[in-house]
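# please find the sequence and the predicted model below.
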Amino acid sequence: MDIRRLGPGDEQALENVGPQFDKPVQATAGTRFLNTEGHHILVAYEGETVAGFVTGVEMTHPDRC
């Protein structure tokens, strides 16, 4: 198993994750996600086959630093 973090310029890799999402990846939204600081996606691969993924978005909370 190989885990890769996607980032700016990884639109094709994100498109390949597409079937794992609830809906198809929208090109504009995908590029925005990959280029926004604080947005994260890690993709797990078995060989070159997508096995799964996890996303996260950093946020602040009004009662925490």
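Arrived safely, thanks for sending. Numbers count the residues shown, from 1 in each chain.
# and the longest helix for this structure?
Counting by DSSP state H, the longest helix found in the chain is helix 27-35.
# find me whatever residue is spatially closest to residue 40, sequence neighbours aside.
Excluding its sequence neighbours, the residue lying closest to residue 40 (C-beta to C-beta, 6 or more residues apart in numbering) is residue 56, at 4.5 Å. C-betas here are computed from N, CA, C, even on glycine.
# quick one, what contacts that neighbour?
39, 40, 41 (C-beta atoms under 8 Å, 6 or more residues apart in numbering).
# now these as TSV including distance to residue 10 and pLDDT?
Output for these, formatted as TSV (distance: C-beta to C-beta, whole Å; pLDDT from 0 to 100):
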residue	distance to residue 10	pLDDT
39	12	97
40	12	98
41	9	98
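# looking at these, which is nearest residue 28?
Set against residue 28, the nearest of these by C-beta to C-beta is residue 39 (14.1 Å).
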